[in-house]
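In: Got a predicted structure plus its sequence, pasted below:
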Amino acid sequence: MKFYRDHYDVIVVGGALAGLSAALMLADKGLDVLVLERHNLPGGIATSFVRGGIEIEAALHEMMSIGEKNDRLKVGKFFDDMGVDIDWLKVPEAYHASLPGLEVTLHPGLETFAKEVDAAVPGTYDRVLRLLNLCHTVFDSVNELSVHPMSKPMMLLKHEAFVKTAGYSTREVLDTFDLPQKALDLLAPYWIYVGSGFSDLPFTIFAVLMADYIGYGSYIPRKFSHEMSLKLAERAEAMGVQIEYRQNVEKILVKDGKACGVRTARGDEIRADYVICSAYPNKVYTSMIEPADAVPKDAIKMVNGRRLSLTAFSVILILDRPAEELNIHDYSVFRGDTMDTDALYRDLAGLGPYRYLTCICHNYANPGATPPGTCSFSITTLPRVDGWKTVKAEDYDAVKHRVAKQMIDDMSAYYGVNLLDHVLEIVIETPMTVARYTGAWNGCIYGYAHTMQDHIVARLQTAEAEHFIDHLEFSGAHQISGDGMGPAVTNGRKAAKNVLDAMAKEAAR
């Protein structure tokens, strides 16, 4: 019996959230889909692992675009519509901000959030709420326009706020609200999740992030991020998708300007009408296309012109006491010595010590995350890839442990407890860990940075021109929706829609 069929409608390279979401959407339309995954499990960075008999979340802090069961947002609705049943747990707060002169816990809900900022910085309620309502309006416009594109005159008529703010940076729009610096500081902590300082971050990106997280709150799966991966894979297979693990795709085959299949590391050549690839275009266009001369020069210019966003450095601790006994009282803490996001962004180009950390105690959203009497506590920073590309192999262990120790010492001083005295298990994840495990280009987890020079609105307008090889689509964090696991699902769905639209056009000819 042959391992593969002679031909598939679509081959999906990569069985992480984006690839599996694309496969589900295509299978739902009756297409014959093959997913090839280099690991022995699905999920990519959306995974977990076991240390000392305890399952540990590898990456997920929180999931956006889920919504309540009776009022789903786009990602939650997609899971429901596809029959992927996730046990979602709502995160109890937005975040605790530990910033110069501020120790404030903020909660989701536009009015609630504005009231809590006003309590910390009196006299700001109306302006903060007006800003959050603007973010929500832009968020609604982005969601509608992603499904129903329209002409510029009609867009201005129906989506005035989106059009008027689309060309401005976050800093430029925030300045129009004339808020005190402390209020601005309380609005800024999520900046790290989009990977650009406010002077260079399109307001559209900030608005979508704030409206989603602050307006609707965030969620985590009860059984860690791997619950999403496994249930997506199980549902895909139930719908007829063939998923094969330990199959590393080395080449995407192109004939007459069209992708027509792949070759695996073990030498299998598999044919398909379309290929959806989760690998970064940097890798695909420089080493995966066969023949190599099928890659247009403009494709190389595009990947060279795009700036990679952030990678990740995390220290995950399983501690031998309940969180409250260690003075840990919040699910999420953002801690920094400044909220000058431009300065913090510049600082992230180095190898530490890092001035801005995000800390998560999963037990406050999921009490069963660890055995009774223990807790899970992670400390994360999201560096730029620049500095970590310079680390030599012989220096790697020393650099890794120095950075981890600095982060643990920082949070130990904050809580007044030596966290190292309470460690049951410790795991250090570096940009090299991400690069090795996922194959992500330079360990980058957030794709290409959204900047004023490379704006999301511009990317939407140039998407067709950047479609360099017919019948080849991309999914993953590096696509238009950008950062995080929720956007990865959206990017996978977009890749599937592109394939379906192309098939419909060809059928109509």
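Out: Cool, got the structure. Residues are numbered from 1 along each chain as shown.

In: Show me the chain divided up by domain.
Out: 7-87+224-305+448-508, 110-212, 310-441 (automatic domain parsing).

In: Take those and write them to CSV, including mean pLDDT.
Out: What follows is the domains of the chain, written out as CSV (pLDDT from 0 to 100):
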stretch, mean pLDDT
domain 7-87+224-305+448-508, 94
domain 110-212, 92
domain 310-441, 96
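
In: could I get those domains as TSV with distance to residue 100 and mean neighbour count?
Out: C-beta coordinates here come from the backbone N, C-alpha and C atoms, glycine included. Below are the domains of the chain laid out as TSV (distance: least, C-beta to C-beta, whole Å; neighbours: other C-beta atoms under 10 Å):
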stretch	distance to residue 100	mean neighbour count
domain 7-87+224-305+448-508	23	20
domain 110-212	8	19
domain 310-441	7	18
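
In: could I get those domains as a markdown table with distance to residue 96?
Out: Formatted as a markdown table, these follow (distance: least, C-beta to C-beta, whole Å):
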| stretch | distance to residue 96 |
| --- | --- |
| domain 7-87+224-305+448-508 | 13 |
| domain 110-212 | 9 |
| domain 310-441 | 4 |
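
In: right, and these - which one's nearest residue 98?
Out: Within the domains of the chain, the stretch nearest residue 98 is domain 310-441; the backing value is 4.2 Å (C-beta to C-beta).

In: Start and end of that closest one, how far apart?
Out: 11 Å (C-alpha to C-alpha, to the nearest Å).

In: And stretch 221-230, by the same measure?
Out: 12 Å.

In: Please apply the same query to stretch 338-350.
Out: 17 Å.

In: same deal with stretch 474-486?
Out: Stretch 474-486: ends 16 Å apart by C-alpha to C-alpha.

In: correct me, but residue 173 touches residue 205?
Out: No: contact criterion C-beta atoms under 8 Å: residue 173 and residue 205 do not qualify, at 11.4 Å.

In: How far off centre is stretch 390-404?
Out: 25 Å (C-alpha atoms, centre = their mean, to the nearest Å).

In: Touching that stretch from outside, list them.
Out: Residues outside stretch 390-404 that contact it (C-beta atoms under 8 Å, 6 or more residues apart in numbering): 313, 315, 351-354, 428, 430, 432.

In: and residue 28, how far is that from residue 21?
Out: Distance, residue 28 to residue 21, using C-beta to C-beta, to the nearest Å: 11 Å.

In: same check, this time on residue 70
Out: In terms of C-beta to C-beta, residue 70 sits 23 Å off from residue 21.

In: which one is residue 107 nearest to, not counting chain neighbours?
Out: residue 93 (5.1 Å; C-beta to C-beta, 6 or more residues apart in numbering).

In: Help me confirm that that neighbour comes into contact with residue 330.
Out: Yes: at 6.4 Å, residue 93 and residue 330 qualify as touching, with contact defined as C-beta under 8 Å.

In: what's the overlap in contacts for these two?
Out: Common neighbours of residue 93 and residue 330 (C-beta under 8 Å, 6+ apart) are residue 105.

In: Run me through the strand neighbours of the strand ranked longest in the chain, direction for each.
Out: When the chain is parsed with DSSP state E, its longest strand is strand 269-277. Sheet partners assigned to strand 269-277 using DSSP bridges are listed as strand 7-13 (parallel), strand 258-264 (antiparallel), strand 472-474 (parallel).

In: Dump those strands into CSV; add distance to residue 409 as well.
Out: Shown next, in CSV, are these (distance: least, C-beta to C-beta, whole Å):
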stretch, distance to residue 409
strand 7-13, 42
strand 258-264, 46
strand 472-474, 41
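
In: Out of these, which gets nearest to residue 214?
Out: Closest among the strands paired with strand 269-277, using C-beta to C-beta: strand 472-474, at 30.1 Å.

In: Provide the contact partners of that closest one at residue level.
Out: Contacts of strand 472-474 (C-beta under 8 Å, 6+ apart): 252, 254, 258-259, 274-278, 281, 284, 491, 495, 498-499.

In: again, only using 7 Å
Out: Applying C-beta atoms under 7 Å, 6 or more residues apart in numbering, the set of residues contacting strand 472-474 from outside is 252, 259, 274-277, 281, 495, 498-499.

In: ok, residue 392 to residue 351 distance?
Out: 12 Å.

In: Residue 146 now?
Out: 38 Å.

In: just residue 459 next, same as before
Out: Counting by C-beta to C-beta, the gap from residue 459 to residue 351 is 31 Å.

In: Residue 451 too?
Out: 23 Å.

In: picking up where we left off before, next, the residue nearest to residue 107: secondary structure please.
Out: coil (DSSP: H, G, I helix; E, B strand; the rest coil).
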